[in-house]
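Student: Can you look at this prediction? I've put the sequence above it.
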Amino acid sequence: MIAESMYQELILEHYKHPQGRGLRDPYDAEVHHVNPTCGDEITMRVKVGDGGKVEDVSYDGQGCSISQAAASVLHELTTGSTVDETLAVVDEFTRLMQGRGKVEADEDVLGDAVAFAGVAKFPARVKCALLAWMAYKDAVVRSSK
Amino acid sequence: MSTGFDVERIRKDFPVLSRELPGGRPLVYLDSGNSAQKPTQVIEVMRDHLAMHYSNVGRALHALGAESTEAYETARDKVAAFIGAPSRDEIIFTKNASEALNLVAYAFGNPITEDPRFRLAPGDEIVISEMEHHSNIVPWQMLAQRTGVKLRWFSVTDEGRLDLSNLEELVNERTKMVSIVHQSNVLGTINPVAQVLARVREVGALMMLDASQSVPHHAVDVAALGVDFLAFTGHKVVGPSGIGVLWGRGELLDAMPPFMGGGEMIEAVWMDHSTYAPAPHKFEAGTPPIVEAIGLGAAVDYLSEIGMDAIARHEHELTGYALDALGEIPGLKVIGPKGLEQRGATVSFTLEGIHPHDVGQILDDNFGVAVRVGHHCARPLHLRFGIPATTRASLYLYNTPAEIDALVRGLHHVRKVFA
């Protein structure tokens, strides 16, 4: 019964009812990221407004529940925040995922993304959880160019 | 269900099948198409050789060198007999099936050989199929990049069969080689070799079979098949990893250039040129995987003693049981033939709305059921069916109907989690 702890209710909820899914205009940057080993993929667009405020993160993709739920949670956490705030979340999320299940998550920073803590215990699935977040980081960097 | 086959006795030969996974889960190993488990008979032979007889082969003149060489070359005899090779010298030990396929691809358009069957002219073609493992796609793509030869392929029907409707056009007088899989690692389909070969002979081309998924499961006789080359790998026939086999017709092997240069593949070496040993040694540069080859010899002994026909019958009945049981699961779609005709014990499927990685994770963590999930190194085939991945249960001589039942219970649970 190890994996049940990975499939938190919140993750399954986001998987079944993804938030902000679908590609939208306008946007400053679009990126496409894939996991070559499992075929998961995501296309993500980012629109950054005045004062570095993230106005929209839209995405489309396919993959397992972990990768798709991660994109949905990311959309919720980033939209409306400033780029700097969201990059702090990306860093904390990455630290959690790469911590082999031994890192205590900072819930204040991560919000709902803390539900992914269980994924860190499954090395083969960490890249699923990180796919959307790495795409987001890439898109933000490109949008500022 | 009884298969008239003492599967419980066979299971005792495989130590891993009686172990528990963390959390007290029993192991239900349905991933033999990926790699098979090993019987004590193989493990003991390898352990004994490493402990008591080990030395390099071919180049050591002492007692251990003689024992090691004897054991290594006896393994070649065993493999030759197992696949019906007319000559032991036609058995080349490689590190896996991929190396065997690369070795043959490397012979084409290679200035070292002048044999017309391996020479490439503008407009020449190589034919593969859409159901190939990447190991029978990429080496030919690389050949095409090196030489400009045109790569073409058979399509796959909706039922998961080779589409032979354009056989006459696809295999034509420009064709130099047709290299296809004997039994698909995803669909389970067993391909109609004779029909393709008849056309290959008409146009004077060569034919190779990737038999990685057929040699482990039913009797394969290269002379009866009549093809020119055949590749398979040791770790899927209850042998160790690190050892594969290329069988080729002797006169073709003689005409081919070496693949790798190095020790033991030579006849004589000067500073500016070399002459090569005859096959098989021409293709076995460097110290080979000695203990692995000996382990492979023990593996084919083990399978022969049980009997390949008995193994094939057991798997056939088990596959029928699995197809029936899986067919009862709502939303489950088998990718590949739904019937048992010309089909092996590999069953791949999708479960509506649930990604295979989620299926595999829950099967493993909750039920100890080991399946493979993903594209199984056959991405073009998955693209053909418009899906990114499948869940694959691949059965072998040690699997039981009770293990299929465990898979089915697991899949019902997966559906509940994602309902």
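Tutor: Received the coordinates, thanks.
Student: tell me the residue furthest from the middle of chain B?
Tutor: B:Met271 (39.3 Å; Cα atoms, centre = their mean).
Student: Helix, strand, or coil at that residue?
Tutor: Classification of B:Met271 using DSSP: H, G, I helix; E, B strand; the rest coil returns coil.
Student: What parts of chain A come near chain B?
Tutor: A:1-4, A:6-7, A:12, A:15-16, A:37-40, A:62-66, A:68, A:122, A:125, A:128 (Cβ under 8 Å from any Cβ of the partner chain). Yep, even glycine has a C-beta here, placed from its N, CA and C like the rest.
Student: which of these are buried?
Tutor: The neighbour-count test (16 or more other Cβ atoms under 10 Å in any protein chain shown) marks A:2-3, A:6-7, A:12, A:15, A:38-40, A:63-66, A:68, A:122, A:125, A:128 as buried among the residues of chain A next to chain B.
Student: Isn't B:Gly336 up against B:Arg161?
Tutor: No: the pair formed by B:Gly336 and B:Arg161 falls short of the contact definition of Cβ atoms under 8 Å, at 9.0 Å.
Student: Now for the two: what residues contact both?
Tutor: Counting by Cβ atoms under 8 Å, 6 or more residues apart in numbering or on different chains, the residues touching both B:Gly336 and B:Arg161 are B:Thr189.
Student: rewinding a little: look at the residue farthest from the centre of chain B and report its pLDDT.
Tutor: With respect to pLDDT, B:Met271 scores 97.
Student: From A:Gln62, how far off is whichever residue of chain B sits closest to chain A?
Tutor: Scanning chain B for the residue nearest chain A gives B:Asp365, at 3.3 Å (criterion: Cβ to the nearest Cβ). Computed with Cβ to Cβ, to the nearest Å, the distance linking B:Asp365 and A:Gln62 is 23 Å.
Student: Wasn't B:Arg152 part of a strand?
Tutor: Yes: under three-state DSSP, B:Arg152 sits within a strand.
Student: measure it to B:Arg372 for me?
Tutor: B:Arg152 sits 29 Å away from B:Arg372, going by Cβ to Cβ.
Student: Same drill for those two, tell me which one is more crowded.
Tutor: A count of neighbours by other Cβ atoms under 10 Å in any protein chain shown puts B:Arg372 above the other of B:Arg152 and B:Arg372, at 25 against 20.
Student: Among the residues of chain A next to chain B, which ones are in strands?
Tutor: A:Gln62 (DSSP state E).
Student: Contact residues of the stretch 301-419 of chain B facing chain A?
Tutor: B:354-358, B:361-362, B:364-366, B:374-375, B:379, B:382, B:388-389, B:417-418.
Student: rerun that using 10 Å as the cut-off
Tutor: B:353-366, B:373-375, B:379, B:382-383, B:387-389, B:417-419 (Cβ under 10 Å from any Cβ of the partner chain).
Student: can you pull out the helices in the chain?
Tutor: I went with chain A, as the question did not name one. Under the criterion DSSP state H, chain A contains helices at A:9-16, A:65-78, A:83-97, A:107-110, A:123-143.
Student: wait, I meant chain B there
Tutor: B:7-12, B:40-48, B:63-82, B:97-107, B:138-147, B:167-170, B:193-203, B:222-225, B:250-255, B:290-306, B:308-327, B:356-367, B:379-384, B:401-417.
Student: Spatially nearest residue to residue 33 (excluding sequence neighbours)?
Tutor: You didn't pick a chain, so chain A it is. A:Ala135 (4.1 Å; Cβ to Cβ, 6 or more residues apart in numbering or on different chains).
Student: you looked at the wrong chain, it should be chain B
Tutor: Nearest one to B:Gly33, counting by Cβ to Cβ, 6+ apart, is B:Ser394 at 2.9 Å.
Student: tally of neighbours for A:Lys127?
Tutor: 18.
Student: Close to chain A: what parts of the stretch 1-150 of chain B are there?
Tutor: Residues of the stretch 1-150 of chain B lying near chain A (Cβ under 10 Å from any Cβ): B:21-23, B:25.
Student: What is the burial count for B:Gly204?
Tutor: 11.
Student: ditto for B:Glu169
Tutor: With other Cβ under 10 Å as criterion, B:Glu169 counts 8.
Student: measure A:Ala69 to chain B for me?
Tutor: Separation of A:Ala69 from chain B (Cβ to the nearest Cβ, to the nearest Å): 10 Å.
Student: tell me the pLDDT at that residue?
Tutor: pLDDT, A:Ala69: 95.
Student: ditto for A:Gly111
Tutor: pLDDT for A:Gly111: 87.
Student: Where does the prediction get shaky in chain A?
Tutor: A:1-4 (pLDDT under 70).
Student: Tally up the residues packed near residue 60, please.
Tutor: Went with chain A since none was named. 16.
Student: that's the wrong chain, I wanted chain B
Tutor: 14.
Student: just checking, it touches B:Tyr72?
Tutor: No: when contacts are counted by Cβ atoms under 10 Å, B:Ala60 is not listed as touching B:Tyr72 (11.4 Å).
Student: In contact with B:Arg119, which residues?
Tutor: Residues near B:Arg119 by Cβ atoms under 10 Å, 6 or more residues apart in numbering or on different chains: B:108-111, B:113, B:176.
Student: If we use 6 Å, what do you get?
Tutor: By Cβ atoms under 6 Å, 6 or more residues apart in numbering or on different chains, no residues touch B:Arg119.
Student: ok, now how distant is it from B:Leu30?
Tutor: In terms of Cβ to Cβ, B:Arg119 sits 46 Å off from B:Leu30.
Student: Correct me if wrong: B:Pro26 contacts B:Gly368.
Tutor: Yes: in this structure, B:Pro26 is within contact of B:Gly368 by Cβ atoms under 6 Å, at 5.4 Å.
Student: Between the two, which has more neighbouring residues?
Tutor: Between B:Pro26 and B:Gly368, B:Gly368 has the larger neighbour count (other Cβ under 10 Å), namely 19 against 15.
Student: For the closest residue to that one other than its chain neighbours, name its beta-bridge partners.
Tutor: Computed as Cβ to Cβ, 6+ apart, the closest residue to B:Gly368 that is not its neighbour in sequence is B:Arg25, at 3.4 Å. Following DSSP bridges, B:Arg25 is listed with bridge partners B:Leu21.
Student: from memory B:Arg25 sits against B:Val369, does it?
Tutor: No: with contact defined as Cβ under 6 Å, B:Arg25 does not count as touching B:Val369 (8.9 Å).
Student: Pick out whichever of these two has more residues nearby.
Tutor: B:Val369 (26 against 16).
Student: Who does the more buried one form a beta bridge with?
Tutor: With DSSP bridges as the rule, B:Val369 is bridged to B:Val28.
Student: Who are the contact partners of it?
Tutor: B:28, B:363, B:406-407, B:410.
Student: swap in B:Thr275?
Tutor: B:267-268.
Student: beta partners of it?
Tutor: In this entry, B:Thr275 is beta-bridged to B:Ala268, by DSSP bridges.
Student: Local confidence estimate at it?
Tutor: So B:Thr275 comes in at 96 (pLDDT).
Student: do the same with B:Val359
Tutor: Reported pLDDT for B:Val359: 96.
Student: count of neighbours near it?
Tutor: 26.
Student: do the same with the one 4 residues further on
Tutor: When neighbours are defined as other Cβ under 10 Å, B:Leu363 has 26 of them.
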